[in-house]
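J.: Structure, please.
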Amino acid sequence: MYEKEWRVRKPNRLKGVEYNDNQCFFVTICTKEKVEIFGRIKDCVMEYFDTGEIVKDEINILASVYENVVLHNSIVMPNHVHLLVEIYYDETKSPTISQVIGQYKRAVTVKNGFSPWQKTFHEHKVRDEKAFNKISEYIENNVNRWQDDCYHPKRK
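T.: The predicted structure follows:
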């Protein structure tokens, strides 16, 4: 027999961040291998495929699943999603950001009949109002800058 060498996964949560107080997060969730399965951008307009319609619809449902979650902004791109999510914590019923994103990814997977997602997601803690406004603007203008986006297939 041989000993299998296990790959050590990089932790996907931020070191030193408390995930149990009111916080706002900028979240990016990518498709497996960054394949463009949610739609295409034509003339700075996102044209959704069926999978993308489900992804978009589930974003709208997400905030209604949890009382303590506010979705401030979002965008579905051809191969990724950006969310600006705020969680108001209390001791009894507040989800973590991992639970919120896990719920979202599961709902999309069930409705599509397959998982379009990478295993993990990226989150950035929004530290102040200036950062919040900058991220909101980035989300709103993301479609217009698709050619320069780091997830665009031509940038690989």
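
J.: What are the boundaries of the helices in this protein?
T.: Listed in chain order, the helices of the chain (DSSP state H) span 50-65, 97-112, 129-141.

J.: So what touches stretch 42-61?
T.: 37-41, 71, 74-78, 81, 83, 104, 107-108, 111-112, 116, 143-144, 146 (Cβ atoms under 8 Å, 6 or more residues apart in numbering). To be clear about C-beta, it is placed using only N, CA and C from the backbone, and glycine gets the same treatment.

J.: and with 7 Å instead?
T.: 37-40, 71, 74, 76, 81, 104, 107-108, 111-112, 116, 143-144 (Cβ atoms under 7 Å, 6 or more residues apart in numbering).

J.: Nearest residue to I54 in space, please, no chain neighbours.
T.: In space, and not counting its chain neighbours, I54 is closest to K111: 4.8 Å by Cβ to Cβ, 6 or more residues apart in numbering.

J.: And that neighbour, how far from K130?
T.: 37 Å (Cβ to Cβ, to the nearest Å).

J.: And the two? Which one has more around it.
T.: K111 (14 against 9; other Cβ atoms under 10 Å).

J.: Please list all residues in contact with I97.
T.: 19, 25, 85, 87, 123.
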